[in-house]
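Undergrad: Okay, predicted coordinates and the sequence, questions at the end:
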Amino acid sequence: MKKRELYRNLSLTALAAGLMLAGMLLVTLMNSGLTAQDFEAFAAPEAYASSLLAAEGPLRTILTLDNLFVLFYTAAFIFLAGTAWGKRNRLLGTVALGALLLTSYLDFHENHSLLAFLSMANNGVAIEANTLLRHDVLSQLKFHSSYLSFFLFAFVLPDKTLMEKVLRWSLLLVFAPIGILVYTFPSPTFSLLRYLLMLSGLLILAWNAWQRAQKKATA
């Protein structure tokens, strides 16, 4: 695939991923702040099942958008790795993409676990505490794998324009620390900042890639 096609596909898939995030945010705002993250942390099994059933409708909508989000961001970062695939960047690109693919797997696993938990709760089957504990740990690993991936990708991102510099340095210096603080010092502020950084990062990535695709077209 030619560089121009890689950048164009990167732009389209990053934009699509950003739109899925925006869609999830809209559902959250329409449902008193409900998010899938509310069901990623450990809770007492009975209270967890009760909350899950109470949120079933909007949660299923969020999970639909989230599965599409995983599909689109995975494709976007595969295309990004393709644009940076040179001798000097090959090791970094490979490790970054590997961490990203692990994130994707854990993300899908998490979403389908939530769907299975909904089925269990609807059928009166108890969700065991150990199951919820493992679900919590895997969710944290998912996010931290993404922090590693984005941090490494930052080293191979171009930084010629202002927006390219903004994206690169935000991934190097801001995103991972904020994301880690979500778990070490839990706060709605850190969770919101992480969400907004993800959304803005994807939209900036889409814009930067589109600009490069246009330059390749006129070169």
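TA: Done, it's in.
Undergrad: and after the helix or strand containing residue 76, which helix or strand comes next?
TA: For residue 76, the host element (DSSP states H and E) is helix 56-83. Scanning forward in sequence from helix 56-83 by DSSP H and E, the next helix or strand is helix 90-122.
Undergrad: Just want the angle from the helix holding residue 76 to helix 90-122.
TA: Going by axes from the mean of the first three to the mean of the last three CA atoms, to 10 degrees, helix 56-83 is angled at 170 degrees with respect to helix 90-122.
Undergrad: in helix 56-83, what counts as buried?
TA: If you call a residue buried by 16 or more other CB atoms under 10 Å, then helix 56-83 has these buried ones: 58-59, 61-63, 65-83. Every residue, glycine included, has its C-beta placed from N, CA and C.
Undergrad: packing partners for it?
TA: Helices and strands touching helix 56-83, as assessed by 3 or more CB pairs under 8 Å, 6 or more residues apart in numbering; DSSP states H and E, comprise helix 3-30, helix 90-122, helix 129-154, helix 188-218.
Undergrad: gap between it and the chain center?
TA: Relative to the centre of its chain, helix 56-83 is centred 7 Å away, using CA atoms, centre = their mean, to the nearest Å.
Undergrad: which residues of the protein score low on pLDDT?
TA: Counting by pLDDT under 70, the chain has low-confidence residues at 219.
Undergrad: Residue 75 and residue 190, how far apart?
TA: As for residue 75, its distance to residue 190 is 28 Å (criterion: CB to CB, to the nearest Å).
Undergrad: shouldn't residue 205 be in contact with residue 10?
TA: Yes - with the criterion set as CB atoms under 8 Å, residue 205 and residue 10 qualify as a contacting pair; they are 7.3 Å apart.
Undergrad: pull the CA atoms of stretch 78-97 into PDB?
TA: Included here for stretch 78-97 are C-alpha records, laid out as PDB according to Å, rounded to 0.1, in the frame of the first residue of the first chain:
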ATOM      1  CA  ILE A  78      -2.100  -0.600  12.100                       C
ATOM      2  CA  PHE A  79      -2.100   2.000   9.400                       C
ATOM      3  CA  LEU A  80       0.000   4.300  11.600                       C
ATOM      4  CA  ALA A  81       2.600   1.600  12.100                       C
ATOM      5  CA  GLY A  82       2.600   1.200   8.300                       C
ATOM      6  CA  THR A  83       3.400   4.900   7.800                       C
ATOM      7  CA  ALA A  84       6.400   4.700  10.200                       C
ATOM      8  CA  TRP A  85       7.700   1.300   8.900                       C
ATOM      9  CA  GLY A  86      11.400   2.100   8.300                       C
ATOM     10  CA  LYS A  87      14.600   0.600   9.400                       C
ATOM     11  CA  ARG A  88      15.200   3.100  12.200                       C
ATOM     12  CA  ASN A  89      11.600   2.800  13.500                       C
ATOM     13  CA  ARG A  90      10.900  -0.900  13.000                       C
ATOM     14  CA  LEU A  91      11.600  -2.100  16.500                       C
ATOM     15  CA  LEU A  92       9.700   0.700  18.200                       C
ATOM     16  CA  GLY A  93       6.800   0.300  15.700                       C
ATOM     17  CA  THR A  94       6.600  -3.400  16.300                       C
ATOM     18  CA  VAL A  95       6.600  -3.200  20.100                       C
ATOM     19  CA  ALA A  96       4.100  -0.300  20.000                       C
ATOM     20  CA  LEU A  97       1.800  -2.200  17.600                       C
END
